[in-house]
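Q: no letters, just coordinates:
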């Protein structure tokens with residue numbers, strides 16, 4: 001059980017590091033530090049919206065059970081993540097000598 005917990009923690013930590021690195025690479029040299037600190041805060045700021053969607057599905061409007069509300073919330077969030085990843089520009093061969101006007 002300990003190996004499973006350590007593996008899951010390592011996977012999530014690695015995912016977070018790749019997520020922050022990819023976000024920072026989308027910006028020029030002068031803005032990378034700002035982007036690397038702002039992007040995780042935007043993700044944390046989205047959590048109350050996700051919670052509101054889950055609670056709306058569970059209690060107020062739809063009155064679904066706990067499992068169905070969680071599945072629908074997860075599907076919506078994962079669809080948004082896949083769409084965002086699909087439209088992310090590849091930066092591997094991108095020239096980094098930007099000119100500031």
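A: Happy to help now that I have it. Being a predicted model, the structure only gives us computed values, none of them experimental.

Q: all the helices of this protein, residue numbers only.
A: With DSSP state H, the ranges of helices along the chain come out as 2-25, 32-55, 66-86.

Q: which of the residues in the shortest one are buried?
A: By neighbour count on 16 or more other Cβ atoms under 10 Å, the buried set for helix 66-86 is 69, 72-73. From N, CA and C alone the C-beta is placed, and that goes for glycine too.

Q: closest one to residue 5 out of the residues you listed, please.
A: Within the set of the buried residues of helix 66-86, residue 73 lies nearest residue 5; the separation is 24.4 Å, counting by Cβ to Cβ.

Q: check contacts around the closest one.
A: By Cβ atoms under 8 Å, 6 or more residues apart in numbering, the contact set of residue 73 is 50, 53-54, 57.

Q: same check on residue 6?
A: Contacts here follow Cβ under 8 Å, 6+ apart; on that basis residue 6 touches nothing.

Q: and the pLDDT at the residue nearest to the spatial centre of the chain?
A: The geometric centre of the chain, computed from its C-alpha atoms, lies nearest to residue 43 (Cα atoms, centre = their mean), at 5.8 Å. pLDDT, the model's per-residue confidence, is 88 for residue 43.

Q: appreciated, that's everything.
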